[in-house]
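> Give me coordinates for this.
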Amino acid sequence: MKVTVSFINESKAIVVEEGSSILEAARRAGVTIESPCNGTGVCGKCRVKLDGGDTVLACETLATGNLRVLTMEGARKALSIVETGYSFDVTSDNFIIKEYDTATGRTAVFGGGALLGTEEGDTREECYGLVVDIGTTTLVVSLVDLATGKELDSASALNPQAVHAQDVLSRMKLASEEGGLHLLHSELIAEINRMIAAMTQKKSALPERIYETIFSGNTCMLHLASGVNPSSMGKFPYTPAIRGDTHIKAREHGLGVANFALVYLPPFVSAYVGADITSGILASQLHERKGTFLFIDIGTNGEMVISQDGRLAATSTAAGPAFEGMNITYGMRAGIGAIEHFAVEDDGRISLKTIGDAPAVGICGSGLMDIVGELVAVGVIDRNGRLRKPEEAGPFHSLGERLIVQDGKTAFRVSDEVILTQKDIRQVQLAKGAVRTGVEFLLKSQNLQARDVDKVLIAGSFGYHLRARSLVNLGLLPADFEGKIEFLGNTSKSGGHAFLLNKTYRKQMTELVKRVEVVELSNYKDFDKVFVKCLGFERQSERKLEAVEK
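Numbers count the residues shown, from 1 in each chain. This is a model prediction of the structure:
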């Protein structure tokens, strides 16, 4: 039996088999409903409202008859994404060269010395390239004038794959399902094309004059962007199906650029230390620095590299999606109304800031780190991650009124509409424990102590929004790192720029990554013991708050 599911605010309807889920119907109708757990019912982010008032999960609600559905705002809400990153002075040595032949009246376009194609007329003044930072959660696209090396424009958006699967492991699983790889690849390319069209129109540039694109991202993202199934990385011996330092043809992937354009995939270290880290090493010149430096991209993958006078070792940890606000009761991406900063003042009052200065509707990753870090610092959360009960706060403790009981469990009222639960704190512990464990074993592998590190370099869009104090309060980073932390921003993009503008860096970095020591955390027999220890919070200096009568 067939039924009709109508998406009221999208002005779309689809006829499906009775018993299909609303989420399945939405995907067939081209309606975006965020479902980062890929419809397993655990994230709670695919809420929709039925015509009649009930709010339900789209992945669990079946169409047993005709339905009228109102989708929730949020899947493509404006996001706060860092588009700039630390870099160095890049000397121009273009891969793309154009030559005009007066005899034929045509312009030849060469890539690495090989003829890519020709164009009618003298088009030498129009020569563009792209850098696409493909994050697990976000996309940043940069349009570059190859003649001058200047960025003409940049744009950012949610990675459309994130509404279907929240991390690389769930994307590997989805890519292995029927139609999954096509879904992930086609939606990614469509979003990149949308951004290309918007930028080129804004800058009066012809997209067919874009001749090379750099895809910078983790290894799984490069597989999906190339239309290659990444499932081989999900099982031993975790071998990528493709290698970096290679070109693919843009037209074979439907990229809206010149018909003969190429896409360059930078080299990567391993299945879980990707090209985004290679770009970060290049942008930060980590391999050229004298001293001991720790480079960390804090996110779902927790990739990190340590450099001792240019000698590199790397590892990665499965931190999970908590840093992106996922699996958190009021978690959300960095969109309008998300709490991004939170502090407890000395008198116990709180101050918070939301993106867009809008009323608080949820918590993004940086806000979550702040909230938990501050509550740990003042003792509202104990070392084991337990929220103190309301009666334990004392009658005049200024935060006592924010400790409430919800569904029989203690929770913390962050704002009128936003609650932090005990489950949320456990998610933070798992994420921060994974990263801290990676740091501990990476240091151990090089016979180093935390105090031996001269500087800690935090990369990535998420990392840029964090506060050093919160990272130390949480124990995500050792106390010995205090005062040594520097935030670099989006080095995946800025390193991608260096790859685009100077072809010599490609071979240099390809040779460099071959020499990187890959530290496999699973090889350490005491991994579980250290991980459990790292779940605890190391409160550095519990602050005594002034008593404020209610």
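> Pull out the C-alpha coordinates of stretch 423-440 and format them as PDB.
Included here for stretch 423-440 are C-alpha records, laid out as PDB according to Å, rounded to 0.1, in the frame of the first residue of the first chain:
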ATOM      1  CA  LYS A 423      24.800  11.800  30.800                       C
ATOM      2  CA  ASP A 424      26.200  14.900  29.000                       C
ATOM      3  CA  ILE A 425      29.100  15.100  31.400                       C
ATOM      4  CA  ARG A 426      29.900  11.400  30.800                       C
ATOM      5  CA  GLN A 427      30.000  12.100  27.100                       C
ATOM      6  CA  VAL A 428      32.600  14.900  27.700                       C
ATOM      7  CA  GLN A 429      34.600  12.500  29.900                       C
ATOM      8  CA  LEU A 430      34.800   9.900  27.100                       C
ATOM      9  CA  ALA A 431      35.800  12.500  24.500                       C
ATOM     10  CA  LYS A 432      38.400  14.200  26.700                       C
ATOM     11  CA  GLY A 433      39.600  10.900  28.000                       C
ATOM     12  CA  ALA A 434      40.300   9.700  24.500                       C
ATOM     13  CA  VAL A 435      42.300  12.800  23.600                       C
ATOM     14  CA  ARG A 436      44.200  12.900  26.800                       C
ATOM     15  CA  THR A 437      45.100   9.200  26.500                       C
ATOM     16  CA  GLY A 438      46.500   9.900  23.000                       C
ATOM     17  CA  VAL A 439      48.600  12.800  24.400                       C
ATOM     18  CA  GLU A 440      49.900  10.600  27.200                       C
END
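> List the buried residues in it.
Judged by neighbour count using 16 or more other C-beta atoms under 10 Å, the buried positions of stretch 423-440 are 424-425, 427-440. Heads up, the C-betas are built off the backbone N, CA and C, glycines and all.
> Ok, stretch 346-365 next?
Counting neighbours by 16+ other C-beta under 10 Å, one finds that the buried residues in stretch 346-365 are Gly348, Ile350, Leu352, Thr354, Ile355, Ala360, Val361, Gly362, Ile363, Cys364, Gly365.
> Can you show me the strands along the stretch 401-550 of the chain?
In the stretch 401-550 of the chain, strands defined by DSSP state E, counting those that start in this stretch lie at 403-406, 409-413, 419-421, 455-459, 485-489, 517-518, listed in chain order.
> Among these, which comes closest to His223?
Shortest distance between His223 and the strands of the stretch 401-550 of the chain, using C-beta to C-beta, is found for strand 517-518: 18.3 Å.
> Name every sheet partner of the closest one and say whether each one runs parallel or antiparallel.
Take DSSP bridges as the rule and strand 517-518 pairs in its sheet with strand 311-316 (parallel).
> for the partner strand, the distance to its chain's centre please.
Mean C-alpha position of strand 311-316 versus that of the full chain (C-alpha atoms, centre = their mean, to the nearest Å) differs by 20 Å.
> Rounded mean pLDDT for that strand, please.
Per-residue pLDDT values over strand 311-316 give a mean of 96.
> Residue ranges in the protein under the pLDDT threshold?
Segments of the chain classed as low confidence (criterion: pLDDT under 70) are 30, 34-44, 72-83, 393-397, 462-465, 539-550.
> Just to check, Asp424 is in contact with Gly325?
No - the pair Asp424 and Gly325 fails to qualify as a contact (C-beta atoms under 8 Å) at a distance of 10.1 Å.
> what residues are shared contacts of these two?
Gly331, Leu368 (C-beta atoms under 8 Å, 6 or more residues apart in numbering).
> gap between stretch 306-318 and the chain center?
Between the mean C-alpha location of stretch 306-318 and the chain-wide mean there is a distance of 20 Å, by C-alpha atoms, centre = their mean.
> Just list what the strand or helix carrying Glu151 packs against, helices and strands only.
Glu151 belongs to strand 150-158 when elements are defined using DSSP states H and E. In this structure, strand 150-158 packs against strand 138-145, helix 180-202, with contacts taken as 3 or more C-beta pairs under 8 Å, 6 or more residues apart in numbering; DSSP states H and E.
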